[in-house]
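> Sharing a model that was predicted from the sequence below.
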Amino acid sequence: MTAYADLDLTELTTAIRTGQLSPSEALEGHLARIDAVNPSINAVVTRVDEAARERAAAADAQFVAARAEGRDLPPLFGVPLTHKDSIPTAGIRTTFGSPLFKDNVPTASAVLIDRLQAAGVNSTGKTNVPEFAAGSHTFNPLFGTTRNPYDPTTSAGGSSGGAAAAIAAGIQPVGDGSDTGGSLRTPGSFCNLIGYRPSHGRIPVVSALNPWTWMSRQGFLARTVADIRLLMRAVAGPHPAVPGSLPVDGSYNEPAVSALENLTGVRVGWSTDLGLGLPVESRVLDVIAAHPQTFADLGAVVEEAVPDLSDAEEVFQATRAFDFATAYADLIDAHRLEIKDAMVCNVDKGTALTFTDFKSANAARARLEASQRVFFATHDVLITPAVQVAPFDADLEFPTEVAGVLTPNYLDWMRAATTISATGLPCLSVPAGFTPEGLPVGLQLVTAAGNDALLLRIAEVFARATGYAQKRPVI
């Protein structure tokens, strides 16, 4: 049988459900892999080995009983999985990458975790994040820096960088995460994975203070689109406390084989600078330069085209500032000197928003929505670079320039992702090749609201045709 570290989620669940691999054996493969590779990448920061072993032993017995009685098992039965350290998980320390929460053990889990566990996941610990998940490079004063399995001197991205590094290193086949300004797409690109940010409402996020929040999403990182679909079938669906959460539909059903053969008739808008003149590193441009032809060879109609995204920056900045202030203003008031400056500045910006700011941002969002509606009337997908840079020196706080253009703010180098966040549209990063140094580069795919099925189909056709996602790092 294929070694644990090489199994995709679909393969792992099949092996467990058919008895080729017991839940305890899967767990021991997972823990052994953490022991082997985590010292060099620092992806997993909290472990609950003994509690996980007890759950695995119970699952072993459940498997025997279910087989004897002819009962089916949950879809993710026995799968060991660490969770992002900013997603509350009952009974497992959840620190948000902050010393203020170094001993925090939640008594209740996020909806995402509850649904994963109901589907059979064995929760084994936590993966690293930036402090309060703010930023696209994973480091914090509590656990230090997560490093890229393809080159441990470089960043794994963030804020779901710990999850991405864990998957790329074979610790687990998939990982949960969240994405406000690229926190699934950037680590997906940096670690040669698919980083999927779904349509608003696909995965409900309960917030007592801000239930109408729309820009931040929870989603998944994986090596294959099939694994993304399997996860989403387990967790997608409405929640009574979340306005706008979507009903279950067929978006995550496995497509017919014929739908995965090509992209005949798919209308692609291609842009390397999002129509905004965004700087992009030459080594990123060199990697993706061949892919308009790749999509054309797969049957798509490709043209250089992009919606008017000029209002996106205002929408992103105002919405993010308001969301951060809503979540963290009280904490900043109490612990201002104990939290990183960038986080404090973000929250202060939110608390300083005025009626005029809100009015202007709402008008900008309306124009942005109208622009994307016009674009997707004549195009099926927008394709851009996922990140403007390749994985950078892990000892940096953030890249201070991109292609010779200064980026003095830690958000400035992320605009390929933050611009799309402002649209609210479903999007993902998909592996697109490697720099001469062997560092991964991803493409960003964006479709109209609710069109997640098409988004995943396009990504799957591209991934199968190119094979980049199959190249694993040597650690």
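Nice, I can see it. Since the structure is predicted, the reported quantities are computational estimates derived from the model, not experimental observations. Numbering: from 1, shown residues only.
> what bridges to Asn122?
Pro80 (DSSP bridges).
> burial measure for it, as a count.
26 (other Cβ atoms under 10 Å). For every residue, glycine as well, the C-beta is placed using N, CA and C.
> again, but for Ala432
With other Cβ under 10 Å as criterion, Ala432 counts 26.
> go on, Thr435?
Residues contacting Thr435 under the criterion other Cβ under 10 Å number 17.
> Which pLDDT does the model give the residue lying closest to it once chain neighbours are set aside?
Leaving out its chain neighbours, the residue that sits closest to Thr435 by Cβ to Cβ, 6 or more residues apart in numbering is Arg283, at 4.6 Å. Per-residue pLDDT puts Arg283 at 98.
> which residues of the stretch 351-475 of the chain fall in helices?
355-378, 415-423, 452-466 (DSSP state H, counting those that start in this stretch).
> Tell me which of these lies nearest to Ser178.
helix 415-423 (11.6 Å; Cβ to Cβ).
> Out of the helices of the stretch 351-475 of the chain, the one nearest Pro408 is which?
Smallest distance to Pro408 across those (Cβ to Cβ): 13.1 Å, for helix 415-423.
> angle of that closest one against helix 355-378?
Using axes from the mean of the first three to the mean of the last three Cα atoms, to 10 degrees, the direction of helix 415-423 lies 100 degrees away from that of helix 355-378.
> Can you list the neighbours in contact with helix 415-423?
136, 179-182, 185-186, 197, 215, 274, 276, 278, 280, 307, 309, 311-313, 315-316, 319, 365, 368-369, 372, 384-388, 411, 427, 444, 446 (Cβ atoms under 8 Å, 6 or more residues apart in numbering).
> As CSV, the helices of the stretch 351-475 of the chain with mean pLDDT would be great.
Converted to CSV, the helices of the stretch 351-475 of the chain look like this (pLDDT from 0 to 100):
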stretch, mean pLDDT
helix 355-378, 98
helix 415-423, 98
helix 452-466, 98
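> and among the ones you listed, the most buried is which?
Scoring the helices of the stretch 351-475 of the chain by mean neighbour count under mean count of other Cβ atoms under 10 Å gives helix 415-423 as the most buried, with a mean of 26.
> contacting residues for Asp72?
Contacts for Asp72 were tallied using Cβ under 8 Å, 6+ apart; they are Ala66.
> how about the helices of the stretch 51-200 of the chain, start to end?
Going by DSSP H, counting those that start in this stretch, the stretch 51-200 of the chain shows helices at 111-118, 161-168, 185-190.
> Return the alpha-carbon coordinates of the first one using CSV.
In this case it means helix 111-118. What follows is helix 111-118 as a C-alpha-only set of coordinates in CSV (Å, rounded to 0.1, in the frame of the first residue of the first chain):
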residue,chain,number,x,y,z
VAL,A,111,-19.1,25.2,13.1
LEU,A,112,-16.4,24.1,10.6
ILE,A,113,-14.7,22.0,13.3
ASP,A,114,-17.9,20.5,14.6
ARG,A,115,-18.9,19.4,11.1
LEU,A,116,-15.5,17.9,10.3
GLN,A,117,-15.6,15.9,13.6
ALA,A,118,-19.2,14.8,12.9
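> Buried residues in that helix, which are they?
Neighbour counts over helix 111-118 (16 or more other Cβ atoms under 10 Å) mark Val111, Leu112, Ile113, Arg115, Leu116, Gln117 as buried.
> Need these in a markdown table (columns: distance to Pro436).
Below are those laid out as a markdown table (distance: Cβ to Cβ, whole Å):
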| residue | distance to Pro436 |
| --- | --- |
| Val111 | 43 |
| Leu112 | 38 |
| Ile113 | 40 |
| Arg115 | 42 |
| Leu116 | 39 |
| Gln117 | 43 |
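> Include pLDDT and distance to Leu221 when you put these into TSV, please.
Formatted as TSV, the buried residues of helix 111-118 follow (pLDDT from 0 to 100; distance: Cβ to Cβ, whole Å):
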residue	pLDDT	distance to Leu221
Val111	98	19
Leu112	98	13
Ile113	98	16
Arg115	98	17
Leu116	99	14
Gln117	98	18
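> Of the helices of the stretch 351-475 of the chain, which is nearest Asn128?
Short answer: helix 415-423, nearest of these by Cβ to Cβ, at 19.5 Å.
> Does Val235 touch Val121 like I think?
No: in this structure, Val235 is not within contact of Val121 by Cβ atoms under 8 Å, at 10.0 Å.
> Tell me the pLDDT of Ser40.
98.
> what about it, distance to Ala165?
10 Å (Cβ to Cβ, to the nearest Å).
> More neighbours: these two, which one.
More crowded of Ser40 and Ala165, by other Cβ under 10 Å: Ala165, with 36 against 13.
> Done for today, thanks.
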